[in-house]
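A.B. asks: Structure, please.
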Amino acid sequence: MTTMAVYRGILRLVLLALVTGCSSLPGNPEPPRVNLVGLQLVSMELFEQRYQVRLRIKNPNAYELPIHGIDFRLDINGQAFADGVSNRSVTVPAYGEDVIALEVSSNLIQVFRQLQSLEQSRSPGFEYRINGTIAVGDSGQRLPFDYSGDMQLSRPASPTGSGGV
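C.D. replies: Okay, here's the model as predicted:
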């Protein structure tokens, strides 16, 4: 076997390893759109509160997005409220969407700021911003996302009675 044949064999192995190792996602994926679907208190301690956050992840790409992790922060009314990470895997279909539930944490100071803000605004809702990164593909390529929106809170119905005081 000649030296040139050995080099060709090594080159083929290196190319095969590169092609196999980079078989993550085709092209340059467009970042997913992530918006807040729900927020529910799970547990409350003196210094930390845990919430379940439901996020809708929309995939604008012509191929599925295998998501292996997410790192995000939730701001409410312009102030930091909670942050979270998850290694939960989900595959969002091409031009499709999926809703995932994650837990996040906040602290007592953040909750007090939000209560003050809601009291001052007297609004039946709040504005939010959610931003972070999603790890996709075998290589864990990180795609950033940043979405703002508003949610309306339902107020309890006023008792209507037919009677005097």
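
A.B. asks: Find the least confident helix or strand in this structure, judged by mean pLDDT.
C.D. replies: helix 3-21 (a mean of 54; mean pLDDT, DSSP states H and E).

A.B. asks: And the next helix or strand past that helix?
C.D. replies: strand 33-44 (DSSP states H and E).

A.B. asks: and Ile109, that's in a helix?
C.D. replies: Yes: secondary structure of Ile109 (DSSP: H, G, I helix; E, B strand; the rest coil): part of a helix.

A.B. asks: What is the neighbour count of it?
C.D. replies: 10 (other Cβ atoms under 10 Å). No exception for glycine: its C-beta is placed from N, CA and C like everyone else's.

A.B. asks: per-residue pLDDT, it?
C.D. replies: Looking at Ile109, its pLDDT stands at 73.

A.B. asks: ok, now Arg122?
C.D. replies: For Arg122, pLDDT reads 64.

A.B. asks: And for the one 5 residues further on?
C.D. replies: Here the pLDDT value assigned to Glu127 is 87.

A.B. asks: ok so Arg50 is a helix residue?
C.D. replies: No: residue state for Arg50 (three-state DSSP) corresponds to strand; a helix is not indicated.

A.B. asks: How many residues are close by it?
C.D. replies: Per other Cβ under 10 Å, the neighbour tally for Arg50 reads 16.

A.B. asks: what are the bridge partners for it, then?
C.D. replies: Using DSSP bridges, the beta-bridge partners of Arg50 come out as Ser43, Ser105.

A.B. asks: Check the contact between it and Gly84; I expect there is one.
C.D. replies: No: contact between Arg50 and Gly84 fails when scored by Cβ atoms under 8 Å: they sit 9.5 Å apart.

A.B. asks: Point out where the protein drops to low pLDDT.
C.D. replies: Applying pLDDT under 70 to the chain flags the ranges 1, 3-25, 110-124, 153-165.
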